[in-house]
Structure formats: structure tokens, C-alpha cells
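In: return atomic coordinates for the entry below.
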Amino acid sequence: MSVKTNLFAIQYVKSGGDVVAAAEAMSITPATGKRYLRKPEVQEYIEELNKDIEKVVGINKAKVVQMQLNIHKSAMKGDPIFNKEGKKVGRRKDRSTARACLAEVSKMMGYDAPKKVDVNVDLSSWLTQQPKELIDTEVVDAKTD
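Out: As a prediction, the model looks like this:
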């Protein structure tokens, strides 16, 4: 496989499978990109890249968490508010964005994952005794009437 087809495959994966975007990034025509995609070795390389997408894109869980925390920090810092004279009078915090960032981090880290609770209850003895107890209760109630 040539260097150019190799780089095209990487651009193709980075673009999320967009032939036109990958072709533009490589300064080739989309038709040439489609021709590259028909090559079995390019298809195999794309499959290999897709298996290790984090490496291709250059992102991982730690980076995503850090980006979310940076957005949270920025949202909590807020945008400046100016009065009619142009004097800064305060900041407008974006609490909904801040909450959304923390919720995403919490999900990614597994902090809010539901806990599995295993409940095993043997109801067989209860089911067999229950009717007898009900009958006995009804008989006692009937005698007291």
C-alpha cells in the first residue's frame, strides 16, 4: 500500500467515513478517494484503524474527561456582564452547561451506574401457607360475628 493510500485511510477514519472530507484533507478528488476505497488493502487497513480508533483520533477517556472539566470550569466562571456604560458589573454563569459536563464525567467514570442488587426470595412456603392462614382467619372472623 502506498503512503498516499495509507494517509487517505487515516483521514477517512478521522472524518468518520466521509470520503469527500478525507479527499479534501489529502488534496485529491473524491473520485480518487472512492477508487482508493475499492482496494482490498485499504479496506483492511481501515478495519484495523477502526479497531484502534482512539489512537487514530488521538483521544482517550482521560482527555475527554479533562475537556469536560475545562468546559465546566469555563461555564462556572461565566461570561462578563456589562452595563450601558460598558462597565463590567458581574458574570453570567452557565450552570446548565456545568451540570451537563459533570453528568457526562460521572457517566464516563461509572459513578452513576446502577448497582445490581440480587434479591432471592423463596416464596414457595409462603404461597402454600398463605391460603391456610387466610382460611383460618376467615373462620375466626365468622365465629366472632
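
In: wait, what's in contact with the most centrally placed residue in the chain?
Out: Using CA atoms, centre = their mean, the residue of the chain that lies closest to the mean C-alpha position is M108, 6.9 Å off. By CB atoms under 8 Å, 6 or more residues apart in numbering, the contact set of M108 is K61, V64, V65, Q68. Using the backbone N, CA and C atoms, a C-beta is placed for each residue, glycine as well.

In: distance of the nearest residue to K4 once chain neighbours are set aside relative to L37?
Out: Distances taken as CB to CB, 6 or more residues apart in numbering place M26 nearest to K4, at 7.1 Å, with adjacent residues excluded. Distance, M26 to L37, by CB to CB, to the nearest Å: 12 Å.

In: let me see the domain layout of this protein.
Out: 3-56, 61-109 (automatic domain parsing).

In: please, where are all the strands along the protein?
Out: With strands called from DSSP state E, the chain shows them at 79-82, 88-92.

In: can I get those strands in JSON lines including mean neighbour count?
Out: Output for these, formatted as JSON lines (neighbours: other CB atoms under 10 Å):
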{"stretch": "strand 79-82", "mean neighbour count": "11"}
{"stretch": "strand 88-92", "mean neighbour count": "10"}
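
In: of all those strands, which lies closest to F8?
Out: Of all the strands of the chain, strand 79-82 sits nearest to F8, with 41.4 Å by CB to CB.

In: which residues make contact with that closest one from outside it?
Out: Strand 79-82 is contacted from outside by K88, V89, G90, R91, R92, D94, using CB under 8 Å, 6+ apart.

In: now those in TSV, with pLDDT?
Out: What follows is the contacts of strand 79-82, written out as TSV (pLDDT from 0 to 100):
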residue	pLDDT
K88	89
V89	89
G90	88
R91	87
R92	88
D94	87
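
In: can I get the strands of the chain in TSV including distance to I46?
Out: Listed next are the strands of the chain as TSV, based on distance: least, CB to CB, whole Å:
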stretch	distance to I46
strand 79-82	42
strand 88-92	45
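
In: great, nothing more from me.
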